[in-house]
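Novice: Below: sequence and its predicted model.
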Amino acid sequence: MREVPFTVYCDEEMMWCQAPVRQHFWSVCAANGLPHVVLTTEIIRAVMGNYEMAEQFRKDAAVAGVKFVDAHAPFGPREDLGVDGDGRNEMLARTRLAIEIAALFGVETITFHIGHIRPEYGYLTKEQLVVNACETLHELLPVAERCGIIIAVENIWFPGCLAGDVVKIVQQLNSPYVGACFDAGHANLMEHGVLHEESDASAAWGGKANVPWSDKTLETLLPYLVSTHLHDNDGQRDRHLLPGSGNAAWERIVPMLKRAPRLRVIQSETSPMLARASYARVAEVYTRLLGLDNGMVRMAD
């Protein structure tokens, strides 16, 4: 019977606190049966700014009794893998460094955002963003291979990073060091955003009538999944709530996830701060949902 680790996201504001505060929060996670944590965007950014912080974060995790298992690379207009033009060299340098930093913490996967269509990318088509992302990943592959880290491409709700786009990118790279990350909250925006006159997806696509609504994100990504981000919403906003607090179809999602052949990690991307939930509550909800045993998920035969 194969098992994969379940990791817990800690609100990124915590990473700028003093070391005893981080140690406290992580020790609370461990005490509640959540010994695996996410190497977050803010931790990576902190190490980019001060390399000595890597040792401090590793020490804090060891004191608390937790282990880093997966990572989320910095994201935004400067780091999106679809960046073109003058910012491309900076983006490549920062993404290479993110992978190198993840390797310092011994993680197995690092997730990247790809293909946001924002004002910064107004001159790029959806198709060009995908092409740019593939070219970027070709350049990142040698770093990932050397570090032994799998790059996970995440579904979002913008044109250029829906499930079909992610699959196209992963298939073109055709490497064991590139896979997909299923984000349940983002998928729910593309499924249930249709229930709202205004939603994150509608805004991204320039109007509700333009959105290619779909309830098949997980089915499309399943053969390529190496990581997952689990959280909930009502389809209107990306709220990062606890499962059951929105309308994501967990009774359908969980059995499918447990059959994903390449899956290496299942992450809670619930924000305890936004969800107003203690780590004990996070542990309770995900243990019931996934059948956790000391932070591990048993996969289906």
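Specialist: Noted; the coordinates are in hand.
Novice: Where does the prediction get shaky in the stretch 51-200 of the chain?
Specialist: Scanning the stretch 51-200 of the chain for pLDDT under 70 picks out 116-123.
Novice: so where do the helices sit in it?
Specialist: Ranges of helices in the stretch 51-200 of the chain, per DSSP state H, counting those that start in this stretch, are 53-64, 88-104, 126-147, 163-173, 184-192, 200-204.
Novice: ok, residues contacting the last one?
Specialist: Put plainly, it is helix 200-204. With CB atoms under 8 Å, 6 or more residues apart in numbering as the contact definition, helix 200-204 has outside contacts at 117, 157-159, 189-190, 193, 196, 208, 211, 213, 236-238. No exception for glycine: its C-beta is placed from N, CA and C like everyone else's.
Novice: Skip ahead from it and say which helix or strand is next.
Specialist: Remark: after helix 200-204, the chain's next helix or strand is helix 217-221, criterion DSSP states H and E.
Novice: ok, back up a step: ok, of the contacts of helix 200-204, which one's closest to Leu257?
Specialist: Minimum distance to Leu257 across the contacts of helix 200-204 is 17.2 Å, recorded for Met190 (CB to CB).
Novice: Was I right to think the closest one contacts Thr217?
Specialist: Yes: judged on CB atoms under 8 Å, Met190 makes contact with Thr217 at a distance of 6.2 Å.
Novice: Tell me how far Arg252 lies from Met48.
Specialist: For Arg252, the distance to Met48 equals 39 Å [CB to CB, to the nearest Å].
Novice: the more surrounded of these two?
Specialist: Met48 (16 against 12; other CB atoms under 10 Å).
Novice: And the more buried one, how far from Val143?
Specialist: Met48 is 15 Å from Val143, by CB to CB.
Novice: wait, His196 sits on Gln236?
Specialist: Yes: with contact defined as CB under 8 Å, His196 reaches Gln236; the gap is 4.5 Å.
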